[in-house]
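1. Pasting the sequence and the predicted coordinates here, then a few questions.
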Amino acid sequence: NVNIHLVLRKYTKIHNIYFHEGGAKLENTENYLECERNRVYYTLIAIAGFFGAYTFLLRGKVFCNAQTGNLVLLGLAIGQAEWETAAYYLFPISAYMAGAFISELLPNPVKYHLKIRWDTLLIAVEMATVLVLGLVPESAPVQISQVAVNFIASMQYNSFRQAEGTPMATTFATNHIRQVGVGLAKEIQHFWKKDKKHREKWGKHCMMVVYFLLGVVFGTVACNIYSGKAIWITLLPFLIVLIDFLNEDLHAKEEEMKQKPHGH
């Protein structure tokens with residue numbers, strides 16, 4: 001029955017129940033949006049690694065994908081009564097906070113008023129930002145690039161939260177490294193159980209670390225060759241993700257467009 005199928009699909013949180021031919025057999029299968037696919041997360045964290053190389057090598061020797069370092073530096077400046085320096089660190093922290101704020105407010109209006117999802121729009125915004133950053137001259141204040149990367153990294157981190165059911169971060173690798181260590185311990189403790197689900201999760205965290213590192217390596221080589229315009233190289237993987245998302249949005253049903261990604 002089509003109506004029963006739609007009701008079950010709407011209200012089941014983790015698994016969708018599909019009726020097979022004959023109506024006698026039921027099967028649980030995961031229903032993930034395109035923005036939750038593993039390949040998307042691998043691509044985005046590789047780009048984040050590239051951004052890390054770009055901002056460190058060319059834009060002030062800082063990492064803009066997260067804010068722990070800036071918060072420490074802010075505290076050091078306050079503790080040493082260096083008020084101008086403290087005020088300086090408020091800019092990247094505020095930009096990161098603004099990115100989280102905006103990415104929390106916009107998804108609902110976007111999905112109800114546009115024919116694309118927020119995730120798709122965000123990728124387009126990141127591409128536009130990258131395009132502009134490539135035009136910023138080497139002599140320009142590094143804060144311009146730093147704040148821009150802070151802003152888009154925060155929006156990306158807040159928007160992409162789970163890769164096919166596994167909580168993930170797409171802008172830094174700290175938690176993935178921790179999860180690799182935790183996973184290795186579980187492998188040793190429960191080696192004979194051969195837990196397929198655990199190994200898949202562990203494997204994804206391993207891949208996230210590898211892709212981040214590859215992004216850093218490739219970004220380092222590119223920045224040394226092309227300088228500030230090297231960041232334009234990230235437009236290609238961004239474009240691949242954007243085309244993938246647009247294709248999904250244009251063929252999605254109304255209820256699918258309104259569906260929230262897991263973890264939101």
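-> Alright, I've got the coordinates.
2. Count the neighbours of the residue nearest to L213 when sequence neighbours are not counted for me.
-> Once flanking residues are discounted, L213 sits nearest to G49: 6.4 Å by CB to CB, 6 or more residues apart in numbering. (Each C-beta comes from the backbone N, C-alpha and C, glycine too.) Using other CB atoms under 10 Å, G49 is surrounded by 26 other residues.
3. C-terminal to whichever helix or strand G49 is part of, what's the next element?
-> G49 belongs to helix 38-58 when assigned by DSSP states H and E. Going down the chain from helix 38-58, the next helix or strand is helix 68-79, by DSSP H and E.
4. Now do the strands in the protein.
-> For the chain, the strands defined by DSSP state E cover 15-19, 26-30, 162-163, 166-167.
5. Confidence-wise, which of the ones you listed is weakest overall?
-> Among the strands of the chain, strand 15-19 has the lowest mean pLDDT, at a mean of 36.
6. Which residues are in contact with V147?
-> Listed by CB atoms under 8 Å, 6 or more residues apart in numbering, the contact partners of V147 are 91-92, 95.
7. Looking at those residues, state which has the most neighbours.
-> Each of the contacts of V147 was scored for neighbours by other CB under 10 Å, and P92 scores highest at 24 neighbours.
8. That one and E82: what is the separation?
-> Distance, P92 to E82, using CB to CB, to the nearest Å: 16 Å.
9. now swap in K253 and tell me
-> According to CB to CB, K253 stands 56 Å off from E82.
10. How about E254?
-> 55 Å.
11. ok, those two, which is more surrounded?
-> Using other CB under 10 Å, the more surrounded residue of E254 and E82 is E82, with 12 against 7.
12. Now do that one, the pLDDT please.
-> Looking at E82, its pLDDT is 96.
13. How about the one 3 residues further on?
-> For T85, the model assigns a pLDDT of 91.
14. Now do the same contact list for it.
-> Contact partners of T85, counting by CB under 8 Å, 6+ apart, are 73, 77.
15. pLDDT value on the residue nearest to L213, please?
-> In this model, G49 is scored at 97, pLDDT.
16. Next one: it relative to P167, how far apart?
-> Distance, G49 to P167, by CB to CB: 19 Å.
17. about what we covered before: okay but the residue nearest to L213 is in contact with G215, surely?
-> Yes: using CB atoms under 8 Å, G49 is in contact with G215, at 2.5 Å.
18. what's the neighbour count on K260?
-> A count of nearby residues for K260, using other CB under 10 Å, gives 12.
19. So what does it look like in phi/psi?
-> phi -90, psi 140 (degrees, to the nearest 10).
20. Can you name the residues that contact the closest residue to it other than its chain neighbours?
-> Using CB to CB, 6+ apart and skipping the chain neighbours, the partner closest in space to K260 is P107 (7.8 Å). Shown in contact with P107 (CB under 8 Å, 6+ apart): 117-118, 159, 260, 264.
21. Scan the helices and strands of the chain for the one with the lowest mean pLDDT.
-> Every helix and strand of the chain was ranked by mean pLDDT, DSSP states H and E. The lowest is strand 15-19, at a mean of 36.
22. Spatially, what comes nearest to N224 if we skip its sequence neighbours?
-> Closest residue to N224 apart from its sequence neighbours, by CB to CB, 6+ apart: L57 at 7.5 Å.
23. okay, now the one you found: neighbour count?
-> Around L57 there are 16 residues (other CB under 10 Å).
24. so what's it up against?
-> Residues near L57 by CB under 8 Å, 6+ apart: 219-220, 223-224.
25. Go again with 10 Å.
-> 219-220, 222-224, 227, 230 (CB atoms under 10 Å, 6 or more residues apart in numbering).
26. show me where the stretch 51-200 of the chain has helices.
-> 68-79, 83-105, 107-113, 118-133, 142-159, 174-189, 196-226 (DSSP state H, counting those that start in this stretch).
27. Please identify the buried residues of the third one?
-> Burial within helix 107-113, assessed by neighbour count using 16 or more other CB atoms under 10 Å, is assigned to 107, 110-111.
28. Tell me the one of those residues nearest G183?
-> P107 (31.2 Å; CB to CB).
29. so which of the contacts of L57 is the most crowded?
-> Of the contacts of L57, with other CB under 10 Å as the count, G219 tops at 27 neighbours.
30. Right, I'll leave it there.
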